[in-house]
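# make a model of this:
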Amino acid sequence: MTLRDDQRRRYARHLVIPELGERGQEKLAAAGVLVVGAGGLGSPALYYLAAAGVGRLGVVDGDLVELSNLQRQILHTTADVGRPKVASAAEKLRALNPDVTVVEHHVRVSADSVLDLLAGYDVIVGAVDNFTTRYLLNDACVLAGATLVEGAILRFTGLAMTIAGGRTACYRCVFPAVPDDGDLPSPAEAGVFGPVPGVIGAVQAAEVVKLVAGFGEPLFDRLLEFDAAAATFHEVKVAREPACPVCGERPAIRSPQDSMAAPRGGAS
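Down below sits the predicted model:
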C-alpha cells in the first residue's frame, strides 16, 4: 500500500522513526488485528491501534455498556450506557481514524465460535475479564498457530505477555489450569485501579505495532508485571513447558471443546 499525502501528515511522528518509517506504516495499514474485549484493556488498546493506522480492527464483545464501566473503560461515555460495547467502540474508532475498517462482533466467545473469529486476522489481543475465556483464547491461538498479545488486570496489578502460538511459552505454560471458582477474586469483587488497564492496554498496543511492523523485541517468553501502587515494572522469564496440556509434548487439548473440558484448579 502507498500512503496518501493526508496519511503522511497523520502518521508524521511515526514516519520519522527509523525502525517504523513508511514501510512499517504501510504494513500497519495492510494488517488485521482482532481485539477480544472492548472494556478496560480493550479501550486503550483499540484507541492506540486505530490511531496507529491498523487497517482492519475486529472488536469482539457481547456486553452492554454499564455505568460501573466508565471509571476505566475510556472508549465509552455516559451517553453509551445500555448500548452494545462493540457499537460504542466502533463509533469512537471510526471518528478517530476513518481509514480504519472496524468489524463489529457482538458475540460472546465460545468453543464453537472462537476459531472462526480468529480466522483472517494477523494478531489477536486478549482483553477479557474472566479466566474461562482467557484460557479458551490462549488454547485456540496455540491450536491455530496465531499470535496472541495477552493482558490481565486486578486491583493495582497488571500483566502482559505475547504468545506465538506453538512456538513460544503460552499462558498455560505459566498458569497450567483455570482456577476453581472462588480461588481468586474477580475484578468486580477485588476492584480495578482505573489507570492500570490504561497502562497494560497501551503495552498491548505497542506489542501489536512492533509485531506487525517488524521491529523491537516482543514479550515472547517474558511476563511483564506492573504494580501501580509501588510504581514498578518487573519482568519474569518464562519458557515452554514440556508438560503443557496445549503446547507441550503430549497435548491433551486438541480442540476448543477440549479446552472447555480441561481440568480446573491450580491457581497461582
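
# quick one: the strands in this structure?
32-36, 56-60, 101-105, 123-126, 147-154, 157-164, 222-227, 232-237 (DSSP state E).

# report the angle between the second one and strand 101-105.
The one in question is strand 56-60. 20 degrees (axes from the mean of the first three to the mean of the last three C-alpha atoms, to 10 degrees).

# shaky segments in the stretch 151-268 of the chain?
The stretch 151-268 of the chain contains residues with pLDDT under 70 at 181, 266-268.

# at 80 what do you get?
For the stretch 151-268 of the chain, the stretches flagged by pLDDT under 80 are 181-183, 265-268.

# mind listing what V203 touches?
151, 160, 224, 226 (C-beta atoms under 8 Å, 6 or more residues apart in numbering). (Glycine included, C-beta is placed from N, CA and C.)

# so which of these is the most crowded?
G151 (28 neighbours; other C-beta atoms under 10 Å).

# what count of nearby residues applies to the nearest residue to H105 once chain neighbours are set aside?
Nearest residue to H105 in three dimensions, chain neighbours excluded: V60, at 4.3 Å (C-beta to C-beta, 6 or more residues apart in numbering). Using other C-beta under 10 Å, V60 is surrounded by 29 other residues.

# okay, and the beta partners of the residue nearest the centre of the chain?
With distances taken as C-alpha atoms, centre = their mean, V125 lies nearest the centre of the chain, 2.3 Å away. Listed by DSSP bridges, the beta-bridge partners for V125 are V35, V149.

# right, and F193 touches G158 too?
No - if you go by C-beta atoms under 8 Å, F193 and G158 don't touch, sitting 9.2 Å apart.

# pLDDT at the residue nearest to T101 when sequence neighbours are not counted, what is it?
Leaving aside its sequence neighbours, T101 sits nearest to R56 (C-beta to C-beta, 6+ apart; 4.6 Å). Looking at R56, its pLDDT reads 98.

# save the strands of the chain as a markdown table, and put in distance to R10 too.
Shown next, in a markdown table, are the strands of the chain (distance: least, C-beta to C-beta, whole Å):
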| stretch | distance to R10 |
| --- | --- |
| strand 32-36 | 18 |
| strand 56-60 | 16 |
| strand 101-105 | 16 |
| strand 123-126 | 21 |
| strand 147-154 | 24 |
| strand 157-164 | 27 |
| strand 222-227 | 29 |
| strand 232-237 | 30 |
